[in-house]
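[1] Give me a 3D structure for the following:
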Amino acid sequence: MAVPRGRPLWIALSGGLDSSLLLTLAAHAAHCVPRPLYALHVNHALQPAADDFERHCRALCSRLGVPLFVERVTVVPAGQGLEAAARDARYAAFARRVAPGETLWLAQHADDQAESVLLAALRGGGMRGLAAMPAWRDWWGRQLVRPLLGVTRARLAEEAAVLGVRWCDDPSNADSAYDRNFLRREVLPLLTERWPKAAASLAGVAARASEADTLLDELAALDLARAGGVPARLALDVLRQLSPARQRLLIRYACQRLDLPTPPTARLDTLLAQLEARDDAQVHVAWPGGEARCWRGHCYLLAPPAPLPGEWRSEWDGHTPLMTPVGSVDGYLAPLGGAPQALVLTLRRGGESLRVAGRGRRDVKRLLQEAGVPPWQRPRQLLAWHGPMLVAVLGVAVAEGWEQC
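    Below is the predicted model of the structure:
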C-alpha cells in the first residue's frame, strides 16, 4: 500500500460513507507525512441527486484543504447493463485524470467484497470471479489500491462518527431491482443474522480464490511457454497433450494476455472438441469479441476482423506511408534502379497472378500459401498495380523488374 515517494496520491471520492472517511483519514495522514493528495469525483449524471453528491464532495475537500477534480461522464449502455456501463465510464475518467506511475485509492470495504463474491458465484464465475476485488493491482501503469477491503461498513460508520465525518447516502442504493442492492439489503443481513462473521468469511473466500487464481496463472504460463510462448499462436501438439481442464485454462489465459474476451463455456467446449480435427480442416469457433482458428498445427486466437469495403482502391506513390482498411502501408516499391511510379492499391479478389523473377508467372493464391499467410488473412492481402500490371503482393512477393523494401 506504499505510495511511491514524491508521487501524488489520488482518492476516488463518491461522497458516500466509505470514500468520505477514506479521504478524511488520508488528509489527516498527509499532515504527518506530507505528500501531494488529490480527490477525484466522477459525476455520472444518472439521477437528480448527482449534483448533491458533487456539492458535498466540494464542501468536504474545502474543509480538508484537498484539491478536488471533477470528471463529468455520459453513461451509454452498449450491449451491457447500466451498472457495467457506469463502471466503464468511471474507469475511463480515472485513466484521463490519474497519470501512469500514480496511485489511486478506492474505498470498497469488506461488505462490498462479500457482495462481489456472492455475485460471482451466482453468475457462475470461475476462480477469478470468486477472487472478487484485489486489494492492489497494476492498472495500465497506475496503482489501484483498496486499503479498506478488510474493514466492515459497520466499523467504518463507527470511525466516521468518532471523526465527525458527514456523507451522502445514494438514493439508488435503496432500489433492490439492482442485483448488488438486493444482496446488500435482503440477502447479506439474513446471512449475517445466522452467521455473524459472514462478510469476513466471504472475504476470506475471495483471498483464497485470489491465491488459487495466481497459481493457475503460473501453471498456464508454463503451458504457454511449452506451446510456443506466443498467446495468439498455440501449438496444437502441445494443446492436445494437456488435460481438458488445462486446455481450457491455457486458452482463457492466452485470451486474457491478448485482451480478448474469454470464450463462453459452450464455445470453449466446441473448440476443444475440434482440436483433434485433421490439419487441413478449416476449424473456426467464434464468440462475441473473439475467435479461434486452427491451421497448420497451430491454434490462432484473434479479434474478429473488421468488415472489408467492397471495391476499395487507393492511389499510392510507392513510398509515402498510407493508411488502408487493413492497416498502414510503410515501405518502398519502385522499378529496379528507377524512380517511384504512380501505383494503385487494391484488396485481393482472387484469380490474380504475378510474374516473379526466376520463377515465371505465379498465382497469387499459391504465393500466399507458400508464404504461410493463413487463409482468413488472404482476402485482406494488399496488391499493388502499375496500370493494368500487378507489380507486388505487398510483404510477400514483387514482380520481375521491381524492388520492394
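[2] I'd like to know how far the residue positioned nearest the centre of the chain sits from residue 18.
    Closest residue to the average C-alpha location of the chain: residue 259 at 4.8 Å, with C-alpha atoms, centre = their mean. The gap separating residue 259 from residue 18 is 30 Å, by C-beta to C-beta, to the nearest Å. Yep, even glycine has a C-beta here, placed from its N, CA and C like the rest.
[3] So which bits of the longest helix seen in the chain are buried?
    Longest helix of the chain, by residue count under DSSP state H: helix 198-226. Buried positions in helix 198-226, judged by neighbour count with 16 or more other C-beta atoms under 10 Å: 198-200, 202-207, 209-210, 213, 216-217, 220, 223-224.
[4] quick one, whichever strand or helix holds residue 113 and helix 198-226 angle?
    Per DSSP states H and E, residue 113 falls inside helix 110-122. In terms of direction (axes from the mean of the first three to the mean of the last three C-alpha atoms, to 10 degrees), helix 110-122 departs from helix 198-226 by 60 degrees.
[5] Which other helices and strands does helix 110-122 contact?
    Contacts defined by 3 or more C-beta pairs under 8 Å, 6 or more residues apart in numbering; DSSP states H and E place helix 110-122 against helix 127-130, helix 179-182, helix 188-194, helix 198-226.
[6] What is the subsequent helix or strand relative to the last one?
    The reference is to helix 198-226. Remark: after helix 198-226, the chain's next helix or strand is strand 233-235, criterion DSSP H and E.
[7] ok, now the first one?
    Toward the C-terminus, helix 127-130 is succeeded by strand 136-139 as the next helix or strand (DSSP H and E).
[8] so where's the stretch 151-300 of the chain uncertain?
    Along the stretch 151-300 of the chain, the model assigns pLDDT under 70 to residues 279-280.
[9] My guess is residue 402 contacts residue 332. True?
    No: using C-beta atoms under 8 Å as the test, residue 402 is too far from residue 332 to be in contact (10.6 Å).
[10] Of these two, give the one with the bigger neighbour count.
    Neighbour count, other C-beta atoms under 10 Å: between residue 402 and residue 332, residue 402 has more, with 21 against 10.
[11] Please report phi then psi for that one.
    The phi/psi pair for residue 402 (degrees, to the nearest 10) reads phi -120, psi 160.
[12] do you know how far it is from residue 357?
    Separation of residue 402 from residue 357 (C-beta to C-beta): 9 Å.
[13] Helices of this structure, start to end?
    17-32, 50-64, 82-97, 110-122, 127-130, 153-163, 179-182, 188-194, 198-226, 236-241, 244-257, 265-273, 364-370.
[14] between the first one and helix 110-122, how many degrees?
    Relative orientation of helix 17-32 versus helix 110-122 (the same axes, to 10 degrees): 130 degrees.
[15] what angle sits between helix 17-32 and helix 153-163?
    50 degrees.
[16] Count the residues that sit near residue 345.
    Close neighbours of residue 345, defined as other C-beta under 10 Å, add up to 19.
[17] My read is that it contacts residue 317, right?
    No: using C-beta under 8 Å, residue 345 is not in contact with residue 317, being 10.8 Å away.
[18] Could you measure from residue 241 over to residue 85?
    Residue 241 is 42 Å from residue 85, by C-beta to C-beta.
[19] Which of the two has more residues huddled nearby?
    residue 85 (19 against 13).
[20] Next, find the distance separating the more buried one from residue 46.
    10 Å.
[21] what is in contact with the two at once?
    Residues touching both residue 85 and residue 46 (C-beta atoms under 8 Å, 6 or more residues apart in numbering) are residue 75.
[22] and the gap between the residue lying closest to residue 404 once chain neighbours are set aside and residue 373?
    Spatial nearest neighbour of residue 404, chain neighbours left out: residue 398 (4.4 Å); criterion: C-beta to C-beta, 6 or more residues apart in numbering. To residue 373, residue 398 is 15 Å away according to C-beta to C-beta.
[23] With neighbour numbers in mind, choose between those two.
    residue 398 (20 against 17).
[24] what about the strands in the stretch 251-400 of the chain?
    Using DSSP state E, counting those that start in this stretch, the strands of the stretch 251-400 of the chain run over residues 283-287, 290-295, 298-302, 313-316, 322-324, 327-329, 333-335, 343-347, 353-356, 360-363, 382-386, 389-393, 397-398.
[25] Which neighbouring elements make contact with the last one?
    Spelled out, it's strand 397-398. Looks like strand 397-398 contacts strand 353-356 (3+ C-beta pairs under 8 Å, 6+ apart).
[26] Go through the strand it packs on and flag the buried ones.
    For strand 353-356, the neighbour count (16+ other C-beta under 10 Å) marks 354-355 as buried.
[27] Noted, bye for now.
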